[in-house]
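J.: Return atomic coordinates for the entry below.
(one chain, ligands or ions: 1)
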Amino acid sequence: MEFFEAVKKRYSYRGKYRSSPVARGDLQKILEAGLAAPSGCNTQTTSCIGLDDPELIRSVGTLIKSSAVTVAPAAICVLTQRKPGYADVYFNVQDYAAAIENMLLAITALGYASCWIEGQVTGDPKIPAEIGRLLNIPPEYSVVAYLPVGVAEGEGKRPRYKPFAERAWFNGFGKN
Ligand SMILES: Cc1cc2nc3c(=O)[nH]c(=O)nc-3n(C[C@H](O)[C@H](O)[C@H](O)COP(=O)(O)O)c2cc1C
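T.: As a prediction, the model looks like this:
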């Protein structure tokens with residue numbers, strides 16, 4: 001898929017997924033896209049765990065109260081390490097946001113659907129803690145987001161975006 005087509009096509013899919021598996025090679029490509037994202041001072045604070053074990057996906061899915069999660073045949077668990085870029089300046093949130101967007105675009109380009117599930121993971125500290133226990137994640141890493149991956153069974157609901165002229169301008173604020 002052409003880059004700009006993938007950008008336009010990406011949206012948060014919260015419907016059912018087909019049971020057809022996600023090839024391990026595709027999951028690898030998606031993870032590589034995430035790791036290729038920029039990071040503040042090249043600290044590379046983002047790590048990811050690809051999941052294609054149905055039992056594990058079910059266990060993690062039951063922890064996250066989101067319809068987008070439980071039924072996907074694959075998933076990515078996104079981890080961050082809170083390390084400073086320099087002095088006491090931290091970029092790790094920006095780092096994992098960039099990595100997630102790269103992965104969402106790769107997921108779309110490969111013909112899969114996904115959703116950036118963060119609020120429903122970090123909203124209750126028990127959820128990242130329990131995911132960490134299930135996936136043997138060392139304590140210096142925090143679980144920050146979960147991306148289901150699979151072929152969408154139907155069309156999800158796309159949001160309405162504000163018009164271009166309300167959010168982007170040329171050569172000065174509010175100038176067209
Ligand atoms: C930081 C962040 C956290 C998010 N957390 C959730 C979430 O927990 N559950 C969910 O269904 N969507 C979540 N989303 C997806 C947003 O709701 C979605 O991106 C937004 O409504 C715009 O829709 P679109 O992705 O289809 O363009 C999150 C997105 C971001 C960037």
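J.: does the ligand sit close to stretch 50-65?
T.: No. Stretch 50-65 lies out of reach of the ligand by Cβ under 6 Å from any ligand atom, never closer than 8.2 Å. Every residue, glycine included, has its C-beta placed from N, CA and C.
J.: gap between that stretch and the chain center?
T.: 15 Å (Cα atoms, centre = their mean, to the nearest Å).
J.: again with stretch 117-135
T.: Worked out by Cα atoms, centre = their mean, stretch 117-135 lies 14 Å from the chain centre.
J.: Report the mean confidence score over it.
T.: Summarised as a single mean, pLDDT over stretch 117-135 is 96.
J.: Check stretch 144-158 too.
T.: 95.
J.: So which bits of this structure are right by the ligand?
T.: Residues of the chain lying near the ligand (Cβ under 6 Å from any ligand atom): 11-12, 14, 66, 68, 115-120, 158-159.
J.: Please report phi then psi for Y146.
T.: Main-chain torsions, Y146, degrees, to the nearest 10: phi -140, psi 130.
J.: and it, how many neighbours does it have?
T.: 30 (other Cβ atoms under 10 Å).
J.: The closest residue to it other than its chain neighbours: what's it in contact with?
T.: If you skip the residues right next to it in sequence, Y146 has I117 as its closest partner in space, 4.5 Å away by Cβ to Cβ, 6 or more residues apart in numbering. Shown in contact with I117 (Cβ atoms under 8 Å, 6 or more residues apart in numbering): 64, 66, 68-69, 145-148.
J.: List buried residues within those.
T.: If you count burial by 16 or more other Cβ atoms under 10 Å, the buried members of those come out as 64, 68-69, 145-148.
J.: Report the separation between the residue nearest to S12 when sequence neighbours are not counted and A145.
T.: The shortest distance from S12 to any non-neighbouring residue, by Cβ to Cβ, 6+ apart, is to C115 (4.2 Å). C115 is 10 Å from A145, where distance means Cβ to Cβ, to the nearest Å.
J.: Over to L31?
T.: 14 Å.
J.: Determine the longest helix present in this protein.
T.: Assignment by DSSP state H gives helix 92-109 as the longest helix of the chain.
J.: ok, and what's touching whatever helix or strand comes next after that helix?
T.: Next along the chain after helix 92-109, taking DSSP states H and E as the criterion, comes helix 119-122. Under the contact criterion Cβ under 8 Å, 6+ apart, helix 119-122 has outside partners 64-66, 69, 127-128, 131, 143-146.
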